[in-house]
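*Asks:* Need a 3D model of the sequence below.
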Amino acid sequence: MTSTSETPDPTSVPETSATTTDVPAFGWSGYAERVNGRFAMVGFAAVLVIEAISGDTFLHWAGLLP
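*Replies:* Residues are numbered from 1 along each chain as shown. Have a look, this model is predicted:
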């Protein structure tokens, strides 16, 4: 049995996410849009929770309406 230590190849393809085969990239990519959409869903759910707890609309709670 031989033991070899392998060094990462800098020309290799970057690893993909655990949930998709898309490679993370900057700019307008499918991966970036998917992550952005997920954060938007979390933000929307947070607004609904704020409205339910405070009993007032988010715009009024944030001081955007009198």
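*Asks:* Quick check: S54 vs G30, distance?
*Replies:* Look at S54 and G30: by CB to CB, to the nearest Å, they are 36 Å apart. In this view, the C-beta of every residue, glycine as well, is placed from N, C-alpha and C.
*Asks:* likewise A62?
*Replies:* Applying CB to CB, the value for A62 to G30 is 32 Å.
*Asks:* Kindly report the same for P66.
*Replies:* Spatial separation of P66 from G30 under the definition CB to CB is 42 Å.
*Asks:* got it, and D56?
*Replies:* According to CB to CB, D56 stands 38 Å off from G30.
*Asks:* ok, P66 and G30, which is more surrounded?
*Replies:* Higher neighbour count among P66 and G30: G30, with 11 against 4, using other CB atoms under 10 Å.
*Asks:* list the contacts for that one?
*Replies:* G30 sits next to D22 when contact means CB atoms under 8 Å, 6 or more residues apart in numbering.
*Asks:* Could you report the pLDDT at it?
*Replies:* The per-residue pLDDT reported for G30 equals 85.
*Asks:* Then the one 10 residues further on?
*Replies:* Listed pLDDT for A40 reads 97.
*Asks:* Look at it and say how many residues are nearby.
*Replies:* A40 is flanked by 10 other residues according to other CB under 10 Å.
*Asks:* can you check the one 3 residues further on too?
*Replies:* Neighbours of G43 under the rule other CB under 10 Å: 10.
*Asks:* Could you list the buried residues of the helix or strand containing A46?
*Replies:* Using DSSP states H and E, A46 maps to helix 30-54. Neighbour counts using 16 or more other CB atoms under 10 Å place Y31 of helix 30-54 among the buried residues.
*Asks:* Could I get the contacting residues of I53?
*Replies:* By CB under 8 Å, 6+ apart, no residues touch I53.
*Asks:* Find me the pLDDT at it, would you?
*Replies:* pLDDT for I53: 91.
*Asks:* State the distance from it to N36.
*Replies:* Going from I53 to N36 by CB to CB gives 26 Å.
*Asks:* Run through the chain and note the low-pLDDT ranges.
*Replies:* Across the chain, residues meeting the criterion (pLDDT under 70) sit at 1-20.
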